[in-house]
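1. What would the 3D arrangement of this be:
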Amino acid sequence: MDEKLAKFLKLVPGASWQMPPPVWNEQLREALNDHLVTVGWGGVLELTSAGRARLNGDTETLGT
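-> Predicted coordinates:
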């Protein structure tokens, strides 16, 4: 997984973004297309189970 996408996914649970800053546009599109995040109640971004699994798998491979 792209390092910047991994960083974006790590930020999603604590950020409570309704509209992420424009610097994250590419990662947001990729995460939505791959069903890693979903738009929850009130427009807040939430990690899906696939997003959590992908993030956990990626951090295990990186050893962090």
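
2. list the contacts for the spatially most central residue of the chain?
-> Averaging the C-alpha coordinates of the chain gives a centre point, and the residue nearest to it by C-alpha atoms, centre = their mean is Leu9 (2.7 Å). Neighbouring residues of Leu9 by C-beta atoms under 8 Å, 6 or more residues apart in numbering: Ala31, Leu36, Val37, Leu47, Gly51, Arg54, Leu55. Bear in mind the C-beta positions are built from the backbone N, C-alpha and C, glycine included.

3. Can you give me the pLDDT of it?
-> pLDDT recorded at Leu9 is 93.

4. cool, and Asp2?
-> Asp2 is assigned a predicted lDDT (pLDDT) of 85.

5. How about Thr64?
-> Thr64 is assigned 45 on the pLDDT scale.

6. again, but for Thr59
-> 55.

7. now Arg54
-> Reported pLDDT for Arg54: 90.

8. Just confirm it contacts Val37, I think it does.
-> No - using C-beta atoms under 8 Å, Arg54 makes no contact with Val37, being 10.6 Å away.
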